[in-house]
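In: mind folding the following:
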Amino acid sequence: MKTRTRVPQLLILLAAAVGVVACGGKPVVGVLLASSGEAASYGESMKEGLDLALDQAKANGGIPRQAQFVWADSATDPETAVREFKNLVGQGAHLVIAGVTSGEAKALLPVLDQTDTVCLSPSASAPVLTEKSSLFYRVFASDEYEGQRAGRFLYEDQDKRSVLIYTGDSEHARGIEPPFRHMFEQALGGKVVGKVIIGSPNWEQESADLLASSQPAAVYIIAYADKTLEVLRQLRAKGYQGVICVTSAFYSGQVVKDNPDLVEGVYFPQPAFDIQDERDLVRNFVKAFRDRYHSDPDIYAAHAYDTMRVVLQIIKITPVFQTPEIKKSLQFGLEEFPGVTGVIQFDERGDVRHPPIMFIVKGGQVQNYERYVKEQRKLIQDRIRKLLGNTAGG
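Out: From the prediction side, this is the model:
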C-alpha cells in the first residue's frame with residue numbers, strides 16, 4: 001500500500017520539477033535573415049536594427065531570462081529558408097524572426113504548422129500570409145494599405161489620370177497590384193494604360209512602345225530595388241517627364257546613396273517610419289543608429305529594431321516559452337506596444353495597422369512628402385514677401 005501511494009506522489013514531484021525547468025529554462029529564438037542573395041541589402045539593414053536592439057537590452061540590464069538567439073542565412077531563397085528554418089527549430093526555437101521577403105515567408109507557412117512554431121516577420125507584406133497561417137505575425141503593414149495609398153496619391157495628390165504599371169514576378173508585386181488597381185481604376189476612375197513585366201522577353205521594347213503610344217502621366221513600379229533601378233534607368237534614358245512612384249521595397253539607404261541621379265524625385269509610400277519623427281523613442285533610435293553605424297536607419301532597420309524589441313518583451317511576459325503561450329502574449333500581452341514604426345498591436349490575423357505615408361527623394365535625402373511640400377511653400381512665401389518688401393522699399 002505504501003508503495004502504491006508513494007508512486008503518484010513521486011510522479012507529482014517529478015512533474016513539478018520538469019515544470020520548473022520548463023519555466024526557468026532559457027528561451028531559444030531563431031533569426032533567419034537574407035544575408036546573401038537578392039535581398040542581402042535588406043538583410044544587412046535588418047541585422048543592424050536587430051543588433052542595436054539586442055545590445056541596448058544588454059546594456060539596460062541584460063536579455064530577459066538569458067534567452068539564446070540562433071542565427072541562419074536564408075540566401076533569399078525559399079527552399080533554403082525552409083531548410084534553415086527547420087534547423088533553427090531543431091535547435092529549440094519556438095519563435096523565429098523570419099520572412100525577409102514575401103516569397104520566403106510564403107514557403108515557410110506550411111512549415112509553421114508542421115513544426116508548431118511562431119514566425120514573426122520584420123518585412124514580409126503580401127496580404128495572403130496572415131490569411132493562411134495563424135502562426136504568422138508581422139510588424140510590417142500589409143501591401144493592401146500601400147497599394148491603396150499609392151493609387152490615391154497619384155490620382156488625388158498628383159492629379160494624374162493615367163498610369164503605366166511595371167511589376168516584378170514576385171509575391172510582393174502580386175500583393176500590391178490588386179489594391180492599387182482597385183483604388184486607382186475602380187474607386188477613383190483613373191486608367192491603367194498597360195502593364196510591363198520586368199525581365200520578361202523584350203520588356204524594354206514593350207516599355208518604350210507603351211511610353212510612346214500611351215504617354216502615361218505617371219508610372220508605378222512594383223518591384224524590389226534591383227528591378228526598380230532597371231526601370232528607372234530606361235525611364236531616364238527615354239527622358240520620361242511624368243510622375244514616378246515606386247514601392248517601399250525599393251528603399252534602402254544604400255540604394256539611395258549609390259544611385260542619386262536615378263532616384264531623384266521618385267515618390268514612394270512607406271509604412272509609418274519617419275526619420276524626422278519628434279517622438280523621443282524615434283529620436284533616440286535614430287541617434288543611437290547614427291552613432292553606431294554612421295548612417296541613417298532605413299525602413300528595414302527600423303522594422304527589425306521593433307521586431308527585436310517585441311521579441312524581448314514577449315520573452316519577458318511569457319511564463320512558459322512554448323507556442324500556445326507565445327501566441328497569447330503576441331495577441332493579448334503587448335497592449336499597444338510603442339515602436340519606432342508606430343504602435344504595435346496585432347489583430348486577429350497577426351497584422352499591424354500602420355497606414356503608409358508618402359516620401360520623396362530630394363537631393364539624395366528621403367523626405368516626408370507632406371513636410372517637404374510645407375517647407376517648399378514656406379520658402380516660396382518668404383521669397384514673395386521679400387520681393388514685395390524690396391518693391392515697396394524701391
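In: what's the span of stretch 132-150, first residue to last?
Out: End-to-end span of stretch 132-150 (Cα to Cα, to the nearest Å): 26 Å.
In: my hunch is that residue 245 is in a strand, does that hold up?
Out: Yes. Counting by DSSP: H, G, I helix; E, B strand; the rest coil, one finds residue 245 located in a strand.
In: so where's the chain uncertain?
Out: 1-25, 253, 390-394 (pLDDT under 70).
In: pull the residues that contact the helix ranked longest in it.
Out: Counting by DSSP state H, the longest helix found in the chain is helix 369-393. For helix 369-393, contacts defined as Cβ atoms under 8 Å, 6 or more residues apart in numbering pick out 267, 276, 357-360, 362. To be clear about C-beta, it is placed using only N, CA and C from the backbone, and glycine gets the same treatment.
In: hmm, 6 Å instead?
Out: For helix 369-393, contacts defined as Cβ atoms under 6 Å, 6 or more residues apart in numbering pick out 358-360.
In: just the element for residue 93, please.
Out: Following DSSP states H and E, one finds residue 93 outside all helices and strands.
In: before we move on, what about residue 221?
Out: Going by DSSP H and E, residue 221 is part of strand 218-222.
In: ok so, going back, give me the distance from the longest helix of the chain to the chain's centre.
Out: With Cα atoms, centre = their mean, to the nearest Å as the basis, helix 369-393 stands 37 Å off its chain's centre.
In: now do stretch 273-285
Out: Chain-centre distance of stretch 273-285: 17 Å, with Cα atoms, centre = their mean.
In: count of residues packed around residue 213?
Out: 10 (other Cβ atoms under 10 Å).
In: how about residue 235?
Out: Count around residue 235 with other Cβ under 10 Å applied: 21.
In: on the three-state scheme, it is what?
Out: helix.
In: how far away is it from residue 262?
Out: 9 Å (Cβ to Cβ, to the nearest Å).
In: most neighbours, which of the contacts of helix 369-393?
Out: residue 359 (25 neighbours).
In: from residue 52, how far out is that one?
Out: Distance from residue 359 to residue 52, by Cβ to Cβ: 22 Å.
In: got it, and residue 267?
Out: Counting by Cβ to Cβ, the gap from residue 267 to residue 52 is 29 Å.
In: can you list the strands that the strand holding residue 221 pairs with?
Out: Strand pairing for strand 218-222, using DSSP bridges, gives strand 162-167 (parallel), strand 243-246 (parallel).
In: how about these in CSV, adding mean neighbour count and distance to residue 119?
Out: Output for the strands paired with strand 218-222, formatted as CSV (neighbours: other Cβ atoms under 10 Å; distance: least, Cβ to Cβ, whole Å):
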stretch, mean neighbour count, distance to residue 119
strand 162-167, 24, 26
strand 243-246, 24, 27
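In: so which of the ones you listed comes closest to residue 65?
Out: strand 243-246 (42.0 Å; Cβ to Cβ).
In: then that closest one to PDB, C-alphas only?
Out: Extracted in PDB, the C-alpha atoms of strand 243-246 (Å, rounded to 0.1, in the frame of the first residue of the first chain):
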ATOM      1  CA  VAL A 243       5.500  61.200 -62.100                       C
ATOM      2  CA  ILE A 244       7.400  58.100 -60.900                       C
ATOM      3  CA  CYS A 245       6.000  56.200 -58.000                       C
ATOM      4  CA  VAL A 246       7.700  53.100 -56.600                       C
END
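In: before we move on, back to that, now tell me what touches the strand holding residue 221 from outside.
Out: Against strand 218-222 from outside (Cβ under 6 Å, 6+ apart): 154, 160, 163-167, 173, 176-177, 228, 231, 242-247.
In: ok, the residue most central in space within the chain to residue 113 distance?
Out: For the chain, the residue sitting closest to the mean C-alpha position, by Cα atoms, centre = their mean, is residue 123 at 3.2 Å. Distance of residue 123 to residue 113, computed by Cβ to Cβ: 22 Å.
In: so which of the contacts of helix 369-393 sit within helices?
Out: Within the contacts of helix 369-393, no residue falls in helices by DSSP H.
In: of those residues, just say which sits nearest to residue 300.
Out: Relative to residue 300, and with distances defined as Cβ to Cβ, the nearest of the contacts of helix 369-393 is residue 359, at 14.2 Å.
In: show me where the stretch 251-394 of the chain has helices.
Out: 253-258, 260-263, 280-293, 299-317, 323-328, 369-393 (DSSP state H, counting those that start in this stretch).
In: didn't residue 216 look like it was pressed against residue 162?
Out: Yes. The pair residue 216 and residue 162 qualifies as a contact (Cβ atoms under 6 Å) at a distance of 4.8 Å.
In: need the overlap of contacts for those two.
Out: residue 193.
In: if we can go back for a sec, tell me which residues of the longest helix of the chain come out buried.
Out: Of the residues in helix 369-393, residue 369 count as buried by neighbour count, 16 or more other Cβ atoms under 10 Å.
In: again with stretch 203-213
Out: For stretch 203-213, using 16+ other Cβ under 10 Å, the buried residues are 203-204, 207, 210-211.
In: next one: phi and psi at residue 318?
Out: phi -100, psi 110 (degrees, to the nearest 10).
In: try residue 349
Out: Given degrees, to the nearest 10, the pair of backbone angles that residue 349 has is phi -100, psi -10.
In: distance of it relative to residue 127?
Out: In terms of Cβ to Cβ, residue 349 sits 10 Å off from residue 127.
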